[in-house]
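Chemist: Following is a predicted model, sequence given first.
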Amino acid sequence: MQKLFELISKKELKKIALTDKFYNKRKRDTKLEWCEDFLNATFNRWIVEPSDLLAWLESNPPLSIKQKQKADASALEMGEIEGESLPELDSKGFDGLLVTAAQNNTEVNQDALNALKRHADENNLKLVVMPIYYNKNAFSAAVESEAERFSPAVTPYLLENDVQALNGRLVIRSSAAVLPTAKFPINKAMELNTGEPSTLVASTKQQHKTLPRSPATGIREAWTTGSVTTKNYIRGGAGASAKREHVYGGIEYYLDADGLLMSRNLQYKNGYFLTFTDSASPVEVMTLGDLHSERKDPNTWVKTLALVKSASPSLLVVHDILHFETASHHNRNDGKHLYSSRDKQVIDDLRQVIDDLNELAWLAPVYVVESNHNSALDNWLHDTNYNPKRDPRQAKLYYLLNWLVCDAIDNGQDQATALQVAFDNLDRFEEFPTLSDRVRFGSMDKAEVHCGVDFSQHGHKGQNGSAGNTNMFSKWLQPMVTGHTHSPAIIGDTVTVGVTASLNQGYNRGGASSWRQSHAVTFANGFTQLIHVWAI
């Protein structure tokens, strides 16, 4: 190399390499070709071996290239938080962001892109497109083609570097390089969260999860984008799976009046682009986060009623309407609980549930999903260890409900839950409110399908006797909206709502939580949009 430096300075060599985009190249072969071309064009011969020149250039990059390199582990261990050094995305003059993704060397779905651009213009959102790199020949994001390009339709909006946005409440990880065939790209978004309220990673899949947090920290979430480029994958199982879960859409972000972050998913599906705020897009089904009526959060309840009025759905779906803390198996043998709840009765819990259901039924017909907390009443009645003689305040209702359940079995209603039997009959025996005839009870062994989406599953029962979860339901190849976990999520065609009631349910006291108050709306084209109640 000394012979070369006698003819050209190191500074000049690095400047030429930078200007001629040597450092933009990722494949060793194309870097080696650059070195050969440089030596031939500049000196008409190889003064040094091209491989030696390549090694020197890689070991001595210009300062601007060094600054782009990721901090090493030792730097992070010394207390540096990676997100602190991220530049702020300029969104002055806009009310928020609409972020989607585009795959390299892939055609744009122009209808989907136009729909997102139109929504961005109408709502004063800055459109951002994150890159997805996918070399179909190399089968790896780490080995990319030098012929990488993006459609001119998206290049004006392309964001290739990591940034923070909306006053640092959102981090956009354009450098994550998640393959579009990855089954759960959301895991990478969760992994890259460094404490910010929301982390976003580019993917042709649109997924969502909340992250566990301690009581000292706020709600955190992770999203993957969806895309505006067409389905372009390698042949084989991974490509076929990715093609099935390919989503045309993006994630909308905006700050509320208090400067806190709100987010929601948007999709262009079956020729339609719909969103909850669009009055021209009627909501067919609205699914509320688990109710737990006796553990109601008053502010969330008021806001939820307003959302239901605004959505005006054709059907309202509710989960876990009963909390049943008064005589729950968790605490009915707990002396401290029995003392503190000595003035409470199960019948009061039932009255509260009916009041809430009737209030909802004024707004829309209500479908009650068979749920584990609803079944807590059955557990109480059938528990052979429970002795009503030692709990006389509940004895009258206990014996009456047992009789009603037995009577229902004799009349061929053996699948009816104790809660349904109670609501159908108690007004005959007590001064008990009558349940609206616009409320009906479902069964988890009978599908409840609207707009191609099944609403019959709460989420506590999975397959073959196992417990359920969003990942499992996404493999059933049936679009679904579920509840149970209190942690909103989107995986494939399965959407899980959060909770409507308080985030403090008693039994979850202590430890970390990923719960969030969230609902979902489903449109006629089968698209389900997650609606968070509170900003983060």
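Modeler: That came through, no problem.

Chemist: buried stuff in stretch 86-101?
Modeler: For stretch 86-101, the neighbour count (16 or more other C-beta atoms under 10 Å) marks 86, 89, 91, 94, 96, 97, 98, 99, 100, 101 as buried. (C-beta placed from N, C-alpha, C; glycine too.)

Chemist: Same check on stretch 393-408?
Modeler: 393, 394, 397, 398, 400, 401, 404, 405, 408.

Chemist: Just those residues: which are in helices?
Modeler: 393, 394, 397, 398, 400, 401, 404, 405, 408 (DSSP state H).

Chemist: in the stretch 151-300 of the chain, which spans are strands?
Modeler: 163-165, 170-173, 198-201, 208-211, 220-224, 249-255, 261-269, 272-274, 283-287 (DSSP state E, counting those that start in this stretch).

Chemist: what does the stretch 1-150 of the chain give?
Modeler: Assignment of strands within the stretch 1-150 of the chain using DSSP E, counting those that start in this stretch yields the ranges 96-103, 125-132.

Chemist: Among those strands, which comes closest to residue 213?
Modeler: Among these, the nearest to residue 213 by C-beta to C-beta is strand 96-103 (23.1 Å).

Chemist: hmm, back to that, to residue 40, which of the strands of the stretch 1-150 of the chain lies closest?
Modeler: With C-beta to C-beta as the measure, strand 125-132 is the member of the strands of the stretch 1-150 of the chain nearest residue 40 (33.1 Å).

Chemist: For the closest one, give me every contacting residue.
Modeler: Residues outside strand 125-132 that contact it (C-beta atoms under 8 Å, 6 or more residues apart in numbering): 89, 91, 94-104, 116-117, 119-120, 150, 154, 157-160, 172, 174, 178, 180, 200-204, 225, 227-229, 252, 254.

Chemist: returning to what we had before: now the buried residues of stretch 393-408 as JSON lines including pLDDT and distance to residue 239?
Modeler: What follows is these, written out as JSON lines (pLDDT from 0 to 100; distance: C-beta to C-beta, whole Å):
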{"residue": "393", "pLDDT": "83", "distance to residue 239": "63"}
{"residue": "394", "pLDDT": "83", "distance to residue 239": "59"}
{"residue": "397", "pLDDT": "88", "distance to residue 239": "59"}
{"residue": "398", "pLDDT": "88", "distance to residue 239": "59"}
{"residue": "400", "pLDDT": "90", "distance to residue 239": "60"}
{"residue": "401", "pLDDT": "89", "distance to residue 239": "55"}
{"residue": "404", "pLDDT": "90", "distance to residue 239": "56"}
{"residue": "405", "pLDDT": "90", "distance to residue 239": "53"}
{"residue": "408", "pLDDT": "88", "distance to residue 239": "52"}
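
Chemist: what residues are up against the residue lying closest to residue 520 once chain neighbours are set aside?
Modeler: Excluding the flanking residues, the one nearest residue 520 by C-beta to C-beta, 6 or more residues apart in numbering is residue 287, at 4.6 Å. The contact partners of residue 287, taken as C-beta under 8 Å, 6+ apart, are 316-319, 455, 481, 483, 495, 497, 519-522.

Chemist: right, and out of these, which lies closest to residue 239?
Modeler: Nearest member of these to residue 239, counting by C-beta to C-beta, is residue 495, at 24.8 Å.

Chemist: Need the worst-confidence member of the buried residues of stretch 86-101.
Modeler: Lowest pLDDT of the buried residues of stretch 86-101: residue 86, 88.

Chemist: correct me, but that residue touches residue 164?
Modeler: Yes: the pair residue 86 / residue 164 is scored as a contact, 4.5 Å apart, by C-beta atoms under 8 Å.

Chemist: Mutual contacts of these two, please.
Modeler: With C-beta under 8 Å, 6+ apart, residue 86 and residue 164 have common neighbours residue 171.

Chemist: Break this protein down into its domains, please.
Modeler: Under automatic domain parsing, the residue ranges defining each domain of the chain are 2-68, 83-274, 283-321+341-371+389-532.

Chemist: Would you mind putting those domains into CSV with distance to residue 379 alongside?
Modeler: Output for the domains of the chain, formatted as CSV (distance: least, C-beta to C-beta, whole Å):
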stretch, distance to residue 379
domain 2-68, 59
domain 83-274, 28
domain 283-321+341-371+389-532, 9
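
Chemist: Cool, thanks, signing off.
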